[in-house]
Each structure stands twice: as structure tokens, then as C-alpha cells.
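[1] turn this into a model:
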Amino acid sequence: MGYDLCLAALNRGDKVIATGRSRSFHMLDNLKAQGADVLELDVTSDLDVLCDIVQKAVALYGRIDVLVNNAGR
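    Predicted coordinates:
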């Protein structure tokens, strides 16, 4: 679902930042090829690491309007 949602957002001209854990980060290559920015993110990381990733995401576009958490299976 998350992949399809990202593609739909990209196709309508939205800016997308896709994230993934290091072990599955390569799976974001197609989204990157479609125009998404990608950042490595593990939601179980220490708070300092999470804050750093948020700062990187905000630095890309100046803000985050919508966040979709599609973690888990």
C-alpha cells in the first residue's frame, strides 16, 4: 500500500520523501527513480537519530505537510 500511495502522490505532482530501514533501503530505488527523495529511517532508533532524520526531511522542502506511517506487516 505504501508504495502505491507514494507513486500516486508523485504522479499528481506531490513531493515525496520515502523512508526505509537499512536492510530494505534498496527497495526504494524505484521510487527514487520516479522522483521521490529517500532517507534511511528505523523508527526504533534513538530519539537523537530520529530527530536528525526529521531535520533532514524538513531541510529538503522546508516542511512536512502529511506523514503516513505504513510500518509493519
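[2] helix/strand/coil for the most centrally placed residue in the chain?
    The chain has A18 as the residue nearest its centroid, 2.0 Å off, counting by CA atoms, centre = their mean. Three-state call for A18 (DSSP: H, G, I helix; E, B strand; the rest coil): strand.
[3] can you check V43 too?
    Taken by three-state DSSP, the conformation at V43 corresponds to coil.
[4] for the residue nearest to the centre of the chain, report the pLDDT, please.
    With respect to pLDDT, A18 scores 93.
[5] which residues does it bridge with?
    V38 (DSSP bridges).
[6] check contacts around it.
    When contacts are counted by CB atoms under 8 Å, 6 or more residues apart in numbering, A18 touches G2, C6, L28, L31, K32, A36, D37, V38, L39. The C-beta positions use only the backbone N, C-alpha and C, and glycine is treated the same way.
[7] so which of the residues you listed is the most crowded?
    C6 (22 neighbours; other CB atoms under 10 Å).
[8] so it sits in a helix?
    Yes - C6 sits within a helix when classified using three-state DSSP.
[9] my read: it touches A36, true?
    Yes - contact status for C6 versus A36: in contact at 6.0 Å, counting by CB atoms under 8 Å.
[10] any common contacting residues for the two?
    With CB under 8 Å, 6+ apart as the test, C6 and A36 both reach V16, A18.
[11] circling back to that earlier point, in a markdown table, list the contacts of A18 along with distance to C51 and pLDDT.
    Below are the contacts of A18 laid out as a markdown table (distance: CB to CB, whole Å; pLDDT from 0 to 100):
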| residue | distance to C51 | pLDDT |
| --- | --- | --- |
| G2 | 23 | 83 |
| C6 | 23 | 92 |
| L28 | 21 | 91 |
| L31 | 24 | 93 |
| K32 | 24 | 95 |
| A36 | 22 | 96 |
| D37 | 18 | 96 |
| V38 | 19 | 96 |
| L39 | 13 | 95 |
